[in-house]
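In: all I have is the shape, not the residue letters:
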Ligand code: TTP
Ligand code: MG
């Protein structure tokens, strides 16, 4: 088994200290979710908001699709103002019925279910993930890619989110969390921006002050009074001048403007699933080699679960066929267990369906995790055939992963 397979999240394994941090932020997320269940909203202005009733002018905009943003509609705007901005298809009463745009009320439960699916995909690509909000996450991808391949990595990640969930993401990759976040916002929507360590200063230099985390209109106007028009200008200011004006916050601003900041992605909570996946090279057409790779991944996943003191009820595999055809299969047992050989034999049995097919990538996952329970004796459930099921959830890998490990 490859050494890196048993790497713990957050433990640095690369030769130098430099991490590769990826920030993912979904595009007009609530609106994108609404489009998933109503494709007729595709390509037209969509406003998702709360507190609005037709004929009434209350309520605020939660988000607007990019088509609606063309008309100056933005988050936190009163719906009445949004309605004023939207062109009218005909002369109608003052509500959405006459406008060229569409309104949908916020449905957090639905957005959360989509978010879970996105996070599940992201989790399989990173050694650590921190979910910052429903539509935003930081990933430590140091062990998954290299700077030279970061663009291809990000592109594949975006494609996987789109193919598996149906929404677009903007991705930024940089050496720190702060710069990665600025990068993901840089080319929205459907953005992809990689800022290698040597480019951090020049990337930040020309950006407007407001792109810096913690700089709102008030701070920006103070900074302008101090002669700054860009982030580069802030980086040039002597830090004591900033500290004098803003106190400790000033020192932080100076550091951020120079691209300094944390590169630690601290995972939160217990993971919902643990998985490893691996791309196949030459061996993609050699089923014996594919089986051997799946066996290795199964062993790694079981070891990872053991490290974390986790038992599992579900074992699954993911098979990606060329060009990008994702298939998942899983089997759920009647009780939690921790048994590497059962993970391996189950994964290999599930793989049999794909015998002699060309396979680009394989993954193994355990889910339905249990961190507390003592292991039930095997015989209390192992013969429970009714509780064991195969599921064919192509494009859908149980979607409960929040934190997984992987090996590329
Ligand atoms: P954002 O990522 O800030 O916005 P967004 O995803 O809609 O658009 P972008 O393409 O610019 O990333 O926020 C994510 C979701 O959070 C957004 O879809 C709706 C919700 N939200 C609010 O409810 N109120 C707000 O003021 C903001 C900013 C977001
Ligand atoms: Mg977003």
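Out: That came in fine, so what should we check first? Quick caveat: nothing in here was measured; it's all calculated off a predicted structure. Residues are numbered from 1 along each chain as shown. Ligands and ions are numbered 1, 2, ... in the order given.
In: mind listing what's buried along stretch 204-217?
Out: Within stretch 204-217, the residues scored as buried using 16 or more other Cβ atoms under 10 Å are 204, 209, 212, 215. C-beta: built from backbone N, CA, C; applies to glycine.
In: kindly reformat the residues you listed as a markdown table containing pLDDT and distance to residue 76.
Out: Putting those into a markdown table (pLDDT from 0 to 100; distance: Cβ to Cβ, whole Å) gives the following:
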| residue | pLDDT | distance to residue 76 |
| --- | --- | --- |
| 204 | 97 | 27 |
| 209 | 96 | 20 |
| 212 | 93 | 20 |
| 215 | 93 | 18 |
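In: show me these that map onto helices.
Out: Among those, the members falling in helices (DSSP state H) are residue 204.
In: what is the nearest of the buried residues of stretch 204-217 to residue 117?
Out: Nearest to residue 117 out of the buried residues of stretch 204-217 is residue 212 (Cβ to Cβ; 32.0 Å).
In: contact residues of the chain facing ligand 2?
Out: Residues of the chain found near ligand 2 (Cβ under 5 Å from the ion) are 25-26, 29, 135.
In: tell me which of the residues you listed fall in helices.
Out: Counting by DSSP H, the residues of the chain next to ligand 2 place residue 29 in helices.
In: and the two most separated of the residues of the chain next to ligand 2?
Out: It's 25 and 29 that sit farthest apart of the residues of the chain next to ligand 2, by Cβ to Cβ, at 8.2 Å.
In: give me the common contacts of those two.
Out: Common contact partners of residue 25 and residue 29 (Cβ atoms under 8 Å, 6 or more residues apart in numbering): residue 135.
In: out of the two, which sits in the busier spot?
Out: residue 29 (23 against 20; other Cβ atoms under 10 Å).
In: give the contact list for the nearest residue to the more buried one once chain neighbours are set aside.
Out: Once flanking residues are discounted, residue 29 sits nearest to residue 135: 3.7 Å by Cβ to Cβ, 6 or more residues apart in numbering. Contacts here follow Cβ under 8 Å, 6+ apart; on that basis residue 135 touches 25-26, 29, 115, 118.
In: residue 312 too?
Out: With contact set as Cβ under 8 Å, 6+ apart, residue 312 has these partners: 274, 305, 336-338, 343, 366-370.
In: for the closest residue to residue 77 other than its chain neighbours, give me phi and psi.
Out: Leaving aside its sequence neighbours, residue 77 sits nearest to residue 61 (Cβ to Cβ, 6+ apart; 4.6 Å). Note on residue 61: backbone dihedrals following degrees, to the nearest 10 are phi -80, psi 130.
In: might one say that residue 61 is in contact with residue 80?
Out: No. If you go by Cβ atoms under 8 Å, residue 61 and residue 80 don't touch, sitting 10.3 Å apart.
In: between these two, which one's more packed in?
Out: A count of neighbours by other Cβ under 10 Å puts residue 61 above the other of residue 61 and residue 80, at 22 against 15.
In: count the neighbours of residue 86 for me.
Out: The burial count for residue 86: 21, using other Cβ under 10 Å.
In: any idea how far residue 294 is from it?
Out: Note on residue 86: its distance to residue 294, by Cβ to Cβ, to the nearest Å, is 53 Å.
In: just the residues contacting the longest helix anywhere in the chain, thanks.
Out: Secondary structure of the chain read by DSSP H shows that its longest helix is helix 287-307. For helix 287-307, contacts defined as Cβ under 8 Å, 6+ apart pick out 1-2, 5-6, 8, 274-278, 280, 283-284, 311-312, 315, 317, 338-340, 343-344, 347-348, 351, 354-357, 359, 362-366, 369, 405, 407.
In: average model confidence for it?
Out: Averaged over helix 287-307, pLDDT sits at 94.
In: now that helix, how far from the centre of its chain.
Out: Helix 287-307 sits 24 Å away from the centroid of its parent chain (Cα atoms, centre = their mean, to the nearest Å).
In: swap in stretch 195-215?
Out: 22 Å.
In: need the residues that contact it.
Out: Contact with stretch 195-215 is made by 18, 147, 150, 172-176, 178-183, 185, 216-217, 219-220, 223-224, 228-232, 234-235, 249, 252-253, 256-259, as judged by Cβ under 8 Å, 6+ apart.
In: quick one: end-to-end length of stretch 211-227, please.
Out: With Cα to Cα, to the nearest Å as the measure, stretch 211-227 spans 17 Å from end to end.
In: same thing with stretch 36-54?
Out: One end of stretch 36-54 sits 23 Å from the other (Cα to Cα).
In: who touches that stretch?
Out: Counting by Cβ under 8 Å, 6+ apart, stretch 36-54 makes contact with 28, 30-31, 34-35, 58-65, 67-68, 70-71, 73, 79, 82, 86, 95-97, 99-106, 110, 114, 165-167, all of which sit outside it.
In: kindly report the same for stretch 246-266.
Out: Residues outside stretch 246-266 that contact it (Cβ under 8 Å, 6+ apart): 10, 18-19, 21, 126, 128-130, 138-140, 174-179, 200-201, 203-204, 212-215, 219, 222, 231-232, 234-235, 237, 239, 241-244.
In: would you agree residue 68 is in contact with residue 100?
Out: No. Between residue 68 and residue 100 no contact is recorded; they are 9.5 Å apart, counting by Cβ under 8 Å.
In: still on that earlier bit, just the buried residues from the contacts of stretch 246-266, in PyMOL please.
Out: Applying 16+ other Cβ under 10 Å to these, the buried members can be selected in PyMOL as follows:
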select buried, resi 19+21+126+128+129+130+138+139+140+174+175+176+177+178+179+200+203+204+212+215+219+231+232+234+235+237+242+243
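In: narrow the contacts of stretch 246-266 to those in strands?
Out: 21, 128-130, 138-140, 174 (DSSP state E).
In: dump those to TSV, plus pLDDT and distance to residue 51.
Out: Converted to TSV, those look like this (pLDDT from 0 to 100; distance: Cβ to Cβ, whole Å):
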residue	pLDDT	distance to residue 51
21	98	37
128	88	38
129	93	33
130	94	31
138	97	31
139	96	34
140	94	39
174	98	37
